[in-house]
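K.L.:
Just a sequence and a predicted model for now, questions to come.
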Amino acid sequence: MPPPLLVLGAIVSTQVGAAAGTTLFEEVGPAGACLLRIAAAALVMAAIVRPRFGRHASETLRVVAAFGVALGVMNLSFYEALDRLPLGIAVTVEFVGPLGVAIVGSRRPLDLLWVVLAGGGIVLLANPGGAETIDGVGLAFALAAGGGWAAYIVLAGRVGGRVPGAEGVALAMAVGTLVPLVPGVAEAGGTLLRPEVLAVGAAAGILSSAIPYTLETEALRRMPRHVFSVLLSIEPAVAALVGFVALGQPLVAREVVAIVLVVAASAGALSHFDAPPET
């Protein structure tokens, strides 16, 4: 399969997994759905990679722990945002994370244009003072998810330099499961153990992590990382489409324009930035 199709498949799988997770909100809440999603992904990664904490130095484990916390905060914040915002809008706002990392690490004057475009897109989505403003708490959670994604990107490089292969991600996922553990159990209780809930949670975890990680890893073996990063920038648009098809979440013209602005800003900023894949 051509590498661009691998990236597209990973993006679609991630967003379909997120959409599947939202179907659990009524029964277990966003924190419960997040717990099931990360726990399922962690179990799959553990079975495939078989990571071991004991064979790594304490300094390496501290970096891995920080990586896992960033992953957990990113996912919990994102699911809380999904409980209040359409999928396409939540992903668009969250994308300020990798966009911000790309711009902070650059010295090109042209990047000011991407800041303006992205900022304009976020303001359009928020629609301050308009008749149809988006949920402010949802917007804050989406921005927090973006911050978690930015931290994830920075820490992924440090973990990758210390832990070979996919073991660093597998260890981080185990740590990340602890972030939504208390709110997830408090919110959902014994409902988390119902077979149908576990099945959907497992599907969300596999679709959102195991499959995308495999496809992205294969794509990165066969294409330049800056090209991969640009392809990744279409994720907000794909999320909007999945939200419309799978969840019946239509967007008004203003929101479509806003997403296009953020996608354009992301493509421009990421074109010279080697961003690691989202997990």
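P.N.:
Thanks, I have it. Since the model is a prediction, treat every value here as computed from it, not as a measurement.

K.L.:
Could I get the CA-only coordinates of the helix or strand of the chain with the lowest mean pLDDT as CSV?
P.N.:
Here the helix or strand of the chain ranked lowest by mean pLDDT, DSSP states H and E is helix 225-232, holding a mean of 76. Provided in CSV are the C-alpha atoms of helix 225-232 (Å, rounded to 0.1, in the frame of the first residue of the first chain):
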residue,chain,number,x,y,z
ARG,A,225,9.0,12.7,8.1
HIS,A,226,8.2,16.2,6.9
VAL,A,227,5.9,14.8,4.2
PHE,A,228,4.3,12.6,6.9
SER,A,229,3.7,15.7,9.1
VAL,A,230,2.0,17.6,6.3
LEU,A,231,-0.3,14.6,5.5
LEU,A,232,-1.1,14.5,9.3
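
K.L.:
in it, what counts as buried?
P.N.:
Using 16 or more other C-beta atoms under 10 Å as the test for burial, helix 225-232 gives 227-232. (Glycine included, C-beta is placed from N, CA and C.)

K.L.:
Which neighbouring elements make contact with it?
P.N.:
helix 3-22, helix 96-104, helix 211-222, helix 253-270 (3 or more C-beta pairs under 8 Å, 6 or more residues apart in numbering; DSSP states H and E).

K.L.:
Need the buried residues of helix 225-232 in JSON lines (columns: distance to Ser208).
P.N.:
Shown next, in JSON lines, are the buried residues of helix 225-232 (distance: C-beta to C-beta, whole Å):
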{"residue": "Val227", "distance to Ser208": "23"}
{"residue": "Phe228", "distance to Ser208": "18"}
{"residue": "Ser229", "distance to Ser208": "20"}
{"residue": "Val230", "distance to Ser208": "22"}
{"residue": "Leu231", "distance to Ser208": "18"}
{"residue": "Leu232", "distance to Ser208": "15"}
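
K.L.:
quick check: angle from the helix or strand harbouring Phe141 to helix 96-104?
P.N.:
Per DSSP states H and E: Phe141 is located in helix 136-162. Put simply, helix 136-162 runs at 60 degrees to helix 96-104, going by axes from the mean of the first three to the mean of the last three C-alpha atoms, to 10 degrees.

K.L.:
residue ranges with poor pLDDT in the protein?
P.N.:
105, 129, 131, 217, 225, 272-279 (pLDDT under 70).

K.L.:
OK, contacts around the nearest residue to Gly268 once chain neighbours are set aside?
P.N.:
Leaving aside its chain neighbours, Gly268 sits nearest to Trp114 (4.7 Å; criterion: C-beta to C-beta, 6 or more residues apart in numbering). Contact analysis of Trp114 by C-beta atoms under 8 Å, 6 or more residues apart in numbering lists 99, 103, 265-266, 268-269.
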